[in-house]
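Engineer: quick one, fold the following:
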Amino acid sequence: MNPVEIEEQISLLAEKPFDAAEFPYAFLEAFGNKETTIRKLRSGASNKSDLGGVLQTNNIHIAVALRGEVTKTLAALKASPATARAKAKFILATDGETFEAEDLVGGDTVACFYPDFSDHFGVFLPLAGITTVKQIRDSSFDIKATGRLNRLYVQLLKDNPDWGTAARRPDMNHFMARLIFCFFAEDTDIFEAPDLFTDTIEKMSAGDSSNTHEVISTLFRAMNIKGADRAQAKLPRWADRFPYVNGGLFSGSADVPVFTRIARSYLIHIGRLDWKKINPDIFGSMIQAVADDEERGALGMHYTSVPNILKVLNPLFLDDLREKLEEAGNNARKLLNLRNRMARIRVFDPACGSGNFLVIAYKEMRKIEAEINMQRGEAERPTEIPLTNFRGIELRNFPAEIARLALIIAEYQCDVLYRGQKEALRDFLPLDAMNWITCGNALRLDWLSICRSTGSVVKHQAEDLFHTPLDQAEIDFENEGGETYICGNPPYRGSQWQTQGQKSDLKAIFDGRTANWKSLDYVAGWFMKAADYGTKTAAVSAFVATNSICQGRQVETLWSLIFATGHEVAFAHTSFKWANLASNKAGVTVVIVGISNQPGRVRRLFSIADDGATIQKEAENINAYLVPGPNITIGPRARPLCDLHEMGFGNMPNDGGHLLLDSDEARAAVNRYAVPSTFVRPFVGSQEFIRGIERRCIWITADTYDVARQNAWLESRFAGVRVQRAASDRPTTNALAETPYRFGEVRQTGEEVIIAVPAISSENREYLPCGLLSPGTILSNKCYALYDAPLWNMALIASRLHWVWIGTVCVRMRTDFSYSNTLGWNTFPLPTLTEKNKADLTRCAEDILLAREAHFPATIADLYDPENMPADLRAAHERNDEVLERIYIGRRFKNDTERLEKLFEFYTKSVGRTGRAA
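Structural biologist: Now for the predicted structure:
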C-alpha cells in the first residue's frame, strides 16, 4: 500500500464508531496487513501480548484501555517485557475517546482525541515498510488532500467521460487547479469568510446535485469580473461576495463537469479539510499524479523530498547567501547589499514539473530576506524577491499549471509568516497575469528566450495565467542584472528506454558534436543545454542525474563536450539513493552535479560515509567521475597496468546449442548413449555461476575427436554443429564447420583452475561475484577468467575497492555492472605487493570461499543478497577489505568516494610511470 491508500483507510477507521474488540485488528489492516496475518493474531498463534492486547512481532503492541486510563496503559505497554522481547517499534493505547502512541525507535509521540488520530498516520508508516522519507510525517495534510482530490477526479471522469479525452483533459486539469485555489482561499481569509466556497456550494446547490455544476460555474465567472463591472454582470448575491481574482485563473471558459450526488459529497468533504496546512513544495508533486494516468497507480509515492532538493540548492547558491548573511552581522549596509543582490537572482528549472525546486528556492530565499529585514528593523517591509524571477519549463500542461499555483500559494504563505495576515491579504489580490512558467519541450526551446541574461526585451502580459504558447515573448525581469542559477531533476532515461522522440531531442543537441550521442542518458541533454547557456551568460547549473552519466563510456562522450565549453564541475554529490515512498522499494541511484565556467568557486564534493554521515570535501578540481583530481578519462588497456595476472574470456560455443546440455541431457548421454563421462564437462556462464544453474557441455579435443565420433549420439550432435556453421553468412563461422566437435572460440584446455568473474551482475550486491572453479570446468564467454592464477587475485576482485572501480570506469548494461577485462581489470591501480601482502590476501580469499562453503547449497545470488548476507561471509569480506585497504593507505577508507580518490591517484601515477594511458 502507498501512503495515500493508508491514509484513506485510517481516516475511514477514525470516522467509524469505536469498537474496542476490533480496533487493533482494523488498525493493522489499514497498514496493509494481510488477512492471514490478522487471522493468526486473532487466534493467538502470533499474538505475543502479555497485557491482553495485540502484539505483532517487530511491529507494534496495541492495547484498548479502560475509560480514562490511556496514559497508564501506554506506560504499561512500554514497561512490558513482551514489548521488548518482540522488538516492537510502536506502542499504542486508546479508550475510544483519547489516543496515545509512541515510536520506540524514533521517539515520536502522539496524544490526541480519538477522531483525530488519522491526522498522525504518517508516524506509523514504518508499519507498512515505508521508512525511506521521514518528511512524510510532516505531510499528513498533503497526502489526505491528494487522496480526496483523486477520488473526486476519478469520479468526475467516470460521470463525464468526454472530460477524459485528450481534447478536454486540459479543461479538466484547469478545473482542478481552480478548485485547489478556492479551497486554499476560503481557509486563509483570501475570501471574506471561512469556508465560503464550500458553504456556498452546499447551500446553493441541490442535494441531488442536479445544479452543482451551474453553481460552481457561476462562482468561477464571478471571480473573473472586476468590481466595476459587477453591476452590469448581474451576479446573484451569493456569488457577488467572491472577489475578483484575475491572473487568468478564472478567465476563459467557466464550463464545469456535471456532478453526481457522490461527486458533490466528495467535493464538500474536501472543502472541510484545513487547507491552511497545504505544503506547496510537496503537494504539487502529489496533485500532479492525480491528473497523470501513468502515475495515479503510485499516487502519493512520487515526490522529491525537501532535504534532497536542498542537496542541489544549498551548494548551488543558498549556502553562499547564508554565509554572506552571517558575515554581515548587524552591518546595515552589508545587509542592504545582500538584499539587493537577492532581488536580482534568477532561479531557472528547465524540467520544473509541479515546481518543487522553484518553490523551495523561493521559500528559502524569503527566509533569508526576512532575517535581513529583521536585522535592519524593517520586519514588515514587502518582499523584493519577485515570483517572476523563478522561471520554469515543463513539458506537460497540468504540472505547469500547478507549478504556477504552488508558487502563488508559497508567496502568500511567506507573506503571512513574515509580514502578517493583514499585509499579506492586502497585496495578494488581484493576481498578476504574467506568465513565467513555459509549457514546452525544454530540449527544443531556446533557454535564453525564457531566461535571458539582461531582461531587456519586450514585456508580455498574458491574458491567461495558464496560457503558455511556445512563441510567447519574454517577460521582463523586475530587477535587472543579477545571477542565474539553473537547477532541477530532469528525466533520466537510459539510451535503451528512450522513445524515438527523446532520441530525436538528443540528436538535435549532440549531432555534429559527437558520433556516440546515441549511448547517452536522456538527462545528458539538460547538462549540454546548460553548458551552452553558460557560454552566453553567467550562470551556474546543477541537476540530479543517474550516476551512469559519470561512469564508463558516457564520461568521455558527454563530459569532454561540457569541459570544451569552459565549464568545470563546481560541486557534486556522489551516488546516493533517491528514494520514493513505496514500501520496501529502493530508489534509483543518483548523483548531483553542478557545473560552472566562473573562476574562483571552491570545488566541493559531498559523499555518504560508510556509517551514513555526509562528508564534505574541498578540492582543487573534481573530474567527471566525481573524484578529486585531474580531468582524465579511463580507456581500455591491452595488458594490466600493474602486476596482475592476465585476464581473458571464457569459451564461445557458436554451436547452435548442439554442444550444450542441461543436466538431464547430460545424464542421458552417459547412461543411455554410452558417451564417456570425460567428454561431458560442467559448463558455467554468468547465470550458472550466480544462480547455481547446472549445465553441461560436450568437450572434445583434436586428440580425442576420432574416438568421440565413433559414438553415434555424439556424431549426431557434431552433424548439427556442422550444418549450423555451414549455413552462416559469415566466412569465419563457415570455416568452423571443419571442426564441429569443438567450440567456436576455445580459450582453455579444460584442466585449469579458474578464477571466474561473471560479465554481467547486479549493482545491488555489495561485492562483485567471483569464485574458484575446479579443473575440468568449461567457462562460457559470458564470464571472464584468470586461468591458473594465484588466489590472491581473487581477493582483489572480491574487494569493495574493485567493486567501486568497476562501477565507475566500466560500461553499464541497463543498471547492472558490465565487467570488462580491458577497461576494468587491466586499468585497476594496485600498489606493489610484497610476498607477505600476497599471502595475507590469499588467506582472505580462502576465508571467503570457506564461508561460502559453510552455507552449501546456497548460491551466489542467495549469499550476496544485501538483506540476507550471512554474518560469517560478511565478516570474511570485511577482513579482506581491511587487509587490502591497509596496503593502500594503512587504514580503512571512510567511504567509496575516498576509495575512488586514492585509486585515481594511483592510476595517474602508474600511467605516468608507464608513459602511456592504454
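Engineer: pretty sure Arg339 sits against Glu371.
Structural biologist: No - if you go by Cβ atoms under 8 Å, Arg339 and Glu371 don't touch, sitting 10.1 Å apart. C-beta: built from backbone N, CA, C; applies to glycine.
Engineer: compare these two (neighbour count), which wins?
Structural biologist: Arg339 (21 against 17; other Cβ atoms under 10 Å).
Engineer: any idea how far Gln375 is from the more buried one?
Structural biologist: 10 Å (Cβ to Cβ, to the nearest Å).
Engineer: Leu157 now?
Structural biologist: Distance from Leu157 to Gln375, by Cβ to Cβ: 52 Å.
Engineer: before we move on, what about Ile700?
Structural biologist: Ile700 is 87 Å from Gln375, by Cβ to Cβ.
Engineer: my guess is Arg879 contacts Asp847. True?
Structural biologist: Yes - Arg879 is within contact range of Asp847, at 6.5 Å (criterion: Cβ under 8 Å).
Engineer: quick one: which of these two has more around it?
Structural biologist: Taking other Cβ under 10 Å, Arg879 and Asp847 do not tie; Asp847 has more neighbours (18 against 15).
Engineer: ok, now which ones touch that one?
Structural biologist: Neighbouring residues of Asp847 by Cβ atoms under 8 Å, 6 or more residues apart in numbering: Ala876, Arg879, Asn880.
Engineer: inside strands: which ones of those residues?
Structural biologist: Here DSSP state E is the test, and those give no hits in strands at all.
Engineer: between those residues, which is closest to Glu905?
Structural biologist: Asn880 (21.7 Å; Cβ to Cβ).
Engineer: what about the closest one, distance to Val627?
Structural biologist: Asn880 sits 23 Å away from Val627, going by Cβ to Cβ.
Engineer: tell me the centre residue of this protein?
Structural biologist: A centroid search over the chain (Cα atoms, centre = their mean) returns Trp578, at 3.4 Å, as the residue closest to the centre.
Engineer: distance of it relative to Val591?
Structural biologist: 10 Å.
Engineer: common neighbours of those two, please.
Structural biologist: Val544.
Engineer: can you list the weak-confidence ranges in the stretch 1-150 of the chain?
Structural biologist: Applying pLDDT under 70 to the stretch 1-150 of the chain flags the ranges 1, 131-140.
Engineer: as a check, name the ranges of all helices in it.
Structural biologist: 3-15, 23-30, 35-43, 70-79, 81-85, 140-159 (DSSP state H, counting those that start in this stretch).
Engineer: one more: the stretch 551-700 of the chain?
Structural biologist: In the stretch 551-700 of the chain, the helices defined using DSSP H, counting those that start in this stretch lie at 553-554, 560-564, 663-671, 686-691.
Engineer: closest to Pro81 out of those helices?
Structural biologist: helix 686-691 (43.3 Å).
Engineer: that older thread, reformat the contacts of Asp847 as JSON lines; add pLDDT and distance to Arg899.
Structural biologist: Conversion of the contacts of Asp847 to JSON lines gives the following (pLDDT from 0 to 100; distance: Cβ to Cβ, whole Å):
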{"residue": "Ala876", "pLDDT": "98", "distance to Arg899": "19"}
{"residue": "Arg879", "pLDDT": "98", "distance to Arg899": "17"}
{"residue": "Asn880", "pLDDT": "98", "distance to Arg899": "14"}
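Engineer: how about Ala845, phi and psi?
Structural biologist: For Ala845, the backbone dihedrals (degrees, to the nearest 10) come out as phi -60, psi -40.
Engineer: correct me if wrong: it contacts Ala789.
Structural biologist: No - Ala845 is beyond contact range of Ala789, at 10.9 Å (criterion: Cβ under 8 Å).
Engineer: who's more crowded, those two?
Structural biologist: Ala845 (24 against 17).
Engineer: now do stretch 46-55: distance from first to last residue.
Structural biologist: This stretch, stretch 46-55, spans 8 Å end to end (Cα to Cα, to the nearest Å).
Engineer: may I see the buried residues of that stretch?
Structural biologist: Neighbour-count burial for stretch 46-55, counted by 16 or more other Cβ atoms under 10 Å, picks out Ser46, Asn47, Lys48, Ser49, Leu51, Gly53, Val54, Leu55.
Engineer: how about Lys363, secondary structure?
Structural biologist: Using DSSP: H, G, I helix; E, B strand; the rest coil, the structure places Lys363 in helix.
Engineer: kindly report the same for Ala789.
Structural biologist: Three-state assignment for Ala789 (three-state DSSP): coil.
Engineer: how many other residues sit next to the nearest residue to it once chain neighbours are set aside?
Structural biologist: Closest residue to Ala789 apart from its sequence neighbours, by Cβ to Cβ, 6 or more residues apart in numbering: His645 at 3.8 Å. Neighbour count of His645, defined by other Cβ under 10 Å: 15.
Engineer: how far away is His645 from Ile887?
Structural biologist: Counting by Cβ to Cβ, the gap from His645 to Ile887 is 17 Å.
Engineer: with Ile615 instead?
Structural biologist: Relative to Ile887, and taking Cβ to Cβ, Ile615 is found at 23 Å.
Engineer: between those two, which one's more packed in?
Structural biologist: Ile887 (18 against 14).
Engineer: and the strand or helix carrying the more buried one, what does it pack against?
Structural biologist: Using DSSP states H and E, Ile887 maps to helix 871-889. Contact partners of helix 871-889 among helices and strands, from 3 or more Cβ pairs under 8 Å, 6 or more residues apart in numbering; DSSP states H and E: helix 792-797, helix 800-809, helix 835-853, helix 896-914.
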